[in-house]
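# quick check, what structure comes out for this input:
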Amino acid sequence: MFSMVRTRTPAPASDALAATAERELVRRCLAQDTTAWRVLYDRHFGPVLRLVRALGITDPEADDLCQEIFLIIYRHLDGFRGEARLGTWIHRLATREAFRHARRGRMRRALVALLAREQPPPVPRDWSENQAARRQYLGQLLDRLPPERRLALVLFEVDGRSVEEIAEVCGCAVNTVWTRIHRARQQLERIAQEGQA
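Sure thing, here's the model as predicted:
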């Protein structure tokens, strides 16, 4: 029988080297080394963009939000104490900012939905053949979730991250992550059933 639990073998020497390299990169960035800033940006832009998209922020807004996040990183990098990996620190900061953005967008959509009496998205007719239609339908369903639940579900189900990693990114307890995933699944099921009725 195969175990479904993912394990990682720690590599203390490589972790120490990576931590030293990160501290040096941060030191150079704080010394206004433009090459170091470019390295930091290039290394972390992709993961930040994936996080932003996981929260349902679409391409036109996603790039702008990522730029805002990197401006915040620029302004607050001196607050990085090295207690966590630089990527984790950036991910937490990006998560907070993306949640704020998603909440504002969700509030706008909720107001529009109230005025328009929005119905759940209908299941696409060509469900079995059309992968783009399935993706669009799933995106519409995910748009109806609160940002915290959506992020936990996408990081767990799509990115395949462990619950411990998600808890670290979201700055919450492991049990909270499990609760968010469970409630997101229940909410998606309810929304999907409403769309089929």
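# residues contacting stretch 81-91, please?
Contact with stretch 81-91 is made by 18-19, 22-23, 25-26, 40, 43-44, 47-48, 51, 73, 80, 92, 168-169, as judged by Cβ atoms under 8 Å, 6 or more residues apart in numbering. For the C-beta atoms, the positions are set from N, CA and C on the backbone; glycine is no exception.
# select only the buried ones of those residues in ChimeraX?
Command for ChimeraX that selects the buried part of the contacts of stretch 81-91, burial taken from 16 or more other Cβ atoms under 10 Å:
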select :22,25,26,40,44,48,51,73,80,168,169
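# low-confidence regions, the protein specifically.
Residues of the chain meeting the criterion pLDDT under 70: 1-13, 15, 104-130, 195-197.
# any idea how it splits into domains?
19-118, 120-197 (automatic domain parsing).
# so which of the contacts of stretch 81-91 sit within helices?
Residues of those located in helices (DSSP state H): 18-19, 22-23, 25-26, 40, 43-44, 47-48, 51, 73, 92, 168-169.
# residue 187 reaches residue 144, doesn't it?
Yes. Taking Cβ atoms under 8 Å as the definition, residue 187 is a contact partner of residue 144 at 7.4 Å.
# these two: who's more crowded?
residue 144 (21 against 17; other Cβ atoms under 10 Å).
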